[in-house]
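Student: structural data only, the sequence is not supplied:
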């Protein structure tokens, strides 16, 4: 009796498992005040939603995400044996990865920006995510269910379809995207974090967006900052040490708060 699990099931559920495992890693590190962008007290006082509600919201989004992934794999026939027999080389895989990253970034930038500028969508949908004024790791996917479907799940589906990645490759791509998204919301500036070295779009960059002064800036997520730079929504900042420990991302010049 074979116990093999299909690539489609792995592609559906591995990123969800990775989300909670990687978030758990940051929960263990959360008490290290000297690496935090906000103090533990600020996290408790400034946030407008309980952690239990955040967990429920994330689980709901992941349930919808899993359902869409299963349907997508079924409809596209990505699990056909003939398709699995084709083994792309490294150059092809790299190209597919980059295309998937660019598609995901492009979709999320424009949808994310529109949800900020459309007052109805912001008030009734996107503001739910911004109840986390002080982001933390397992709150990365805390969104209104409609936003989760439109922004994250649809963006993921488009990156899968337009890049041509296989279900097997999607396991790695969506796990990587999940880790990056969790890292962007972790609220910690850890020494040696490769995401901070390799990506300008990182924990501090996204923390700026979650503050009142950055509400109309730094929309790009999760990988690059190109759309913010091209379209004038990039907010440069400096990372400064706080007297009481930890760090703070501060804008390098005054910006209009809308």
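Tutor: Cool, the structure landed. Keep in mind that this is a model prediction, so the values were computed, not measured. Numbering: from 1, shown residues only.

Student: C-alpha from now on. contacts and neighbour counts both.
Tutor: Noted.

Student: all helices of the stretch 101-250 of the chain, in order?
Tutor: In the stretch 101-250 of the chain, the helices defined using DSSP state H, counting those that start in this stretch lie at 119-124, 145-147, 154-163, 167-184, 194-198, 203-210, 226-230.

Student: report the buried residues of the first one.
Tutor: Neighbour-count burial for helix 119-124 flags residue 122 (criterion: 16 or more other CA atoms under 10 Å).

Student: other residues contacting it?
Tutor: Helix 119-124 has contacts (CA atoms under 8 Å, 6 or more residues apart in numbering) with 115, 116.

Student: how many residues are close by residue 142?
Tutor: A count of neighbours around residue 142, defined by other CA atoms under 10 Å, yields 24.

Student: can you tell me how far it is from residue 153?
Tutor: Distance of residue 142 to residue 153, computed by CA to CA, to the nearest Å: 13 Å.

Student: how about low-confidence regions in this protein?
Tutor: 1-3, 78-87, 256-258 (pLDDT under 70).

Student: for it, which segments count as strands?
Tutor: 237-241, 247-251 (DSSP state E).

Student: as a markdown table, those with mean neighbour count and distance to residue 20 would be great.
Tutor: Output for those, formatted as a markdown table (neighbours: other CA atoms under 10 Å; distance: least, CA to CA, whole Å):
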| stretch | mean neighbour count | distance to residue 20 |
| --- | --- | --- |
| strand 237-241 | 14 | 28 |
| strand 247-251 | 19 | 25 |
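
Student: which among these is found nearest to residue 92?
Tutor: Closest to residue 92 of the strands of the chain, according to CA to CA: strand 237-241, at 36.2 Å.

Student: that closest one pairs with which strands?
Tutor: Taking DSSP bridges as the criterion, strand 237-241 sits next to strand 247-251 (antiparallel) in its sheet.

Student: what's the partner strand in contact with?
Tutor: 34-38, 189, 204-205, 207-208, 235-242.

Student: one more: stretch 53-62?
Tutor: 16, 138, 139, 141, 142, 143, 144, 145, 148, 149.

Student: which one is the fifth one nearest to, not counting chain neighbours?
Tutor: In other words, residue 142. residue 58 (5.0 Å; CA to CA, 6 or more residues apart in numbering).

Student: cool, and the second one?
Tutor: Using CA to CA, 6+ apart and skipping residues adjacent in sequence, the residue nearest residue 138 is residue 23, 5.2 Å away.

Student: cool, and the fourth one?
Tutor: Nearest residue to residue 141, sequence neighbours excluded (CA to CA, 6+ apart): residue 58, at 5.5 Å.
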